[in-house]
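Take this sequence and fold it.
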Amino acid sequence: MASTRYTRFLRKELRKKSELDVVVISLRAENACLKKTLVQQNRLAERFFSFQTVWLRRCQLLTTKEEVALESEQMSKKEGKQKDVGLEENEERLEYDEQRDSYVRATLARMLWLEKQLNEANQARLQQNNEGHSNALIREDEKFSHMQQHHERLLREAEDEQKVLRENFKTIERKLIMTENVCQEREREVDKLKQQLQTENMSRTSSQVEDQCFEEEEQWMSAESGDLQYRMEEEKTRVSGFGLQKLLLNGQEKIAELERQIQIYSQDLEDEKQNCSYLKSVLKKQRKTNGRVDKPSERDQRETRDGPTWTPTGNLLNESFLECPSCQAEYPVSHHRKLMSHLEICLK
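Residues are numbered from 1 along each chain as shown. Have a look, this model is predicted:
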């Protein structure tokens, strides 16, 4: 609203100035025309006086002294009348010239006053633009610093999660090795039991009672060995087939997701750095151009900026906005290319 009021005010002032220029031009043309007519009348008067003198000389040769005296008196009377009329006309022209000069002086004073008002308004507008540009630059610096801190924090969290996943993977590997060792020990015990059974089978051939005991013991040992083998295979399949693979896949997926997020955050950070550097260069150029008009005081204060919070699942670039320094048009950071093209058009 302020910009539209200011533009209307400027248009009114420019219209007044153009009207004053038209009036001044018409007055100058009228002054030149009057000067031209005055010169022409002076020339006619000179020619008339020259004709009068020639005619008088001729009359003096033809007439007598008395006639010459009478005619000279008459001519002097006529000349006096003509002189009086000329003086009156000259006085009227002088009064008109004085009035015209006073009107021209008044119009020039009005023009100077309007130019002074226009310069003051331009200076106030440039100061407001400089303050708006400095505030926008401070806000962008705060957003950039906050975003950089958030990126560093996310990178640290990703590194910590990666370390935790690696430690979990190492502990799972150690547990798997321990289970394999236990299974190998059980297999060795089963082999020993089988050897003992074979030796007992060879030694116990004396009686049927001993055979029956041996058969029962053998069946019991074979059942126990089968049970141990079944448990060992089940534990192997359970640990190696499902749990370990699932944990490994989950760990690899988490690591890949974290690496992908780190790459995305680093790329966004680089894009934001480029955008901020470009905006800083544009603002410096505009400050230089504004400094040539009204020589504003240099402002070298740079403060840290406080931007909007960034969640890991959301995207801060879609929530933050950048502002055009000349027309204050807002663009999201994700559309920074549109802002660059708009700045090139707007600053031209």
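
What average pLDDT does the helix or strand hosting Glu159 get?
Per DSSP states H and E: Glu159 is located in helix 65-203. Helix 65-203 carries an average pLDDT of 77.

all numbers from here: first residue = 348
From this message on, residue numbering opens at 348, which makes the last subject helix 412-550.

Give me the helices and strands touching it, please.
helix 349-409, helix 555-583, helix 591-641 (3 or more C-beta pairs under 8 Å, 6 or more residues apart in numbering; DSSP states H and E). The way it works is simple: take the backbone N, C-alpha and C, and place the C-beta from them, glycine included.

The first one packs against which elements?
Helices and strands touching helix 349-409, by 3+ C-beta pairs under 8 Å, 6+ apart, are helix 412-550.

can you give me the angle the helix it packs on makes with helix 349-409?
Angle of helix 412-550 versus helix 349-409, following axes from the mean of the first three to the mean of the last three C-alpha atoms, to 10 degrees, is 160 degrees.

list the contacts for the nearest residue to Arg457 once chain neighbours are set aside?
Leaving aside its chain neighbours, Arg457 sits nearest to Leu367 (6.4 Å; criterion: C-beta to C-beta, 6 or more residues apart in numbering). By C-beta atoms under 8 Å, 6 or more residues apart in numbering, the contact list for Leu367 reads 454, 457-458, 461.

Farthest-apart pair in those, please.
Pairwise distances across the contacts of Leu367 (C-beta to C-beta) peak at 10.5 Å, for the pair Thr454 and Leu461.

Adding neighbour count, write the contacts of Leu367 out as TSV.
Supplementary listing: these in TSV, determined by neighbours: other C-beta atoms under 10 Å:
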residue	neighbour count
Thr454	16
Arg457	14
Met458	16
Leu461	15
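
out of these, which one sits closest to Asn469?
Leu461 (12.5 Å).

wait, doesn't that closest one sit right on Arg362?
No - assessed by C-beta atoms under 8 Å, Leu461 is found out of contact with Arg362, at 10.8 Å.

Closest one to Lys382 out of the contacts of Leu367, please.
Thr454 (19.3 Å).

measure the closest one to Arg500 for me?
To Arg500, Thr454 is 69 Å away according to C-beta to C-beta, to the nearest Å.

Then Asn469?
Counting by C-beta to C-beta, the gap from Asn469 to Arg500 is 47 Å.

for Gln475, same thing?
Taking C-beta to C-beta, one finds Gln475 at 38 Å from Arg500.

How about Ser423?
Distance of Ser423 to Arg500, given as C-beta to C-beta: 113 Å.

now swap in Glu508 and tell me
Distance from Glu508 to Arg500, by C-beta to C-beta: 13 Å.

which one of the two has more residues nearby?
The residue with more neighbours, out of Glu508 and Arg500, is Glu508; 15 against 11, by other C-beta atoms under 10 Å.

how close does the more buried one sit to Arg607?
Distance from Glu508 to Arg607, by C-beta to C-beta: 13 Å.

Check Tyr577 too.
Tyr577 is 43 Å from Arg607, where distance means C-beta to C-beta.

now Lys541
54 Å.

So for the two, which residue has more residues nearby?
Neighbours per residue (other C-beta under 10 Å) separate Lys541 from Arg607, with Lys541 holding more: 14 against 10.

Measure how buried Gln531 is and give me the count.
Gln531 has 11 nearby residues by other C-beta under 10 Å.

should've said Lys522
Close neighbours of Lys522, defined as other C-beta under 10 Å, add up to 13.

how many neighbours does Met494 have?
Around Met494 there are 24 residues (other C-beta under 10 Å).
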